[in-house]
Structures are given as C-alpha cells and as structure tokens.
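Engineer: next come a sequence and a model predicted from it.
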Amino acid sequence: MTTTDQVLGDWATHPFGKAARVAMAVGGMLTGVMLMLIAPAVHGQPWLLVIVATSLVITSVRAARFPSVTRLALVAANLLAMPLLTNLT
C-alpha cells in the first residue's frame with residue numbers, strides 16, 4: 001500500500017474481511033435504527049439523535065462497501081459521538 005492509496009483492499013477481499021465488512025454494515029444499520037427508535041423518548045432535542053443515527057448508517061455502509069482509513073475513522077467518530085450526544089440531550 002502506498003501513501004496515496006487509501007483503499008484497504010488487501011484485507012477486504014479475504015473471507016474474514018468480507019464477514020467483517022458485512023458485520024460493520026449490519027451493525028451500523030442496527031445501531032442507527034435503535035437510536036432512531038430511542039430518539040422520540042428523549043426530552044429535549046430528538047432531531048440531533050436522528051441526525052447522528054442517520055450519519056452512522058450512511059458512514060458504516062459506505063465504509064463497508066469501499067473501506068478506507070478516512071471512512072473507518074468517520075465510523076469510529078460517529079460511534080464515539082453517540083454516547084456523548086445521548087448524555088447532552
């Protein structure tokens with residue numbers, strides 16, 4: 001892998017990598033849907049949780065389709081933002 005090639009295609013083509021990609025996409029979608037289901041029960045700003053849940057679904061599916069360092073970092077940032085935003089709202 002060179003410094004300009006950010007696509008992590010080496011591990012993504014192996015069977016374990018394919019299973020990890022599917023798990024990342026499905027896990028992101030399930031977590032996003034569960035957060036959207038919890039959002040109406042939040043007293044305050046439920047729209048903020050809906051936006052975070054939608055961005056988690058989008059970034060996890062995009063990172064699973066074409067994994068790169070940037071996209072995986074965005075998924076990690078969304079996952080770290082969820083507990084912080086649930087405490088704020």
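Structural biologist: Good, I have the coordinates. Numbers count the residues shown, from 1 in each chain.
Engineer: averaging pLDDT per element, find the lowest-scoring helix or strand in this protein.
Structural biologist: helix 9-12 (a mean of 68; mean pLDDT, DSSP states H and E).
Engineer: what helices or strands is the very next helix or strand once past that one leaning on?
Structural biologist: Later in the chain than helix 9-12, the nearest helix or strand by DSSP states H and E is helix 15-38. In terms of contacts (3 or more C-beta pairs under 8 Å, 6 or more residues apart in numbering; DSSP states H and E), helix 15-38 is packed against helix 9-12, helix 46-65, helix 69-88. C-beta here means a position set from N, CA and C on the backbone, and glycine is covered the same way.
Engineer: any idea which of the ones you listed gets closest to Thr31?
Structural biologist: Thr31 lies closest to helix 46-65 among the helices and strands packed on helix 15-38, at 6.2 Å (C-beta to C-beta).
Engineer: list the buried residues in the closest one.
Structural biologist: By neighbour count on 16 or more other C-beta atoms under 10 Å, the buried set for helix 46-65 is 49-50, 52-53, 55-64.
Engineer: hmm, which two among those residues are most spread apart?
Structural biologist: Leu49 and Ala64 (22.3 Å).
Engineer: returning to what we had before: which one of the helices and strands packed on helix 15-38 lies closest to Arg21?
Structural biologist: The nearest among these, by C-beta to C-beta, is helix 46-65 at 4.4 Å.
Engineer: what does the closest one contact?
Structural biologist: The contact list for helix 46-65 (C-beta atoms under 8 Å, 6 or more residues apart in numbering) reads 21-22, 24-25, 27-29, 31-33, 35-36, 38-40, 42, 71-72, 74-75, 78-79, 81-82, 85-86, 88-89.
Engineer: with stretch 17-27 instead?
Structural biologist: Contacts for stretch 17-27 (C-beta under 8 Å, 6+ apart): 11-12, 60-61, 63-65, 67, 75.
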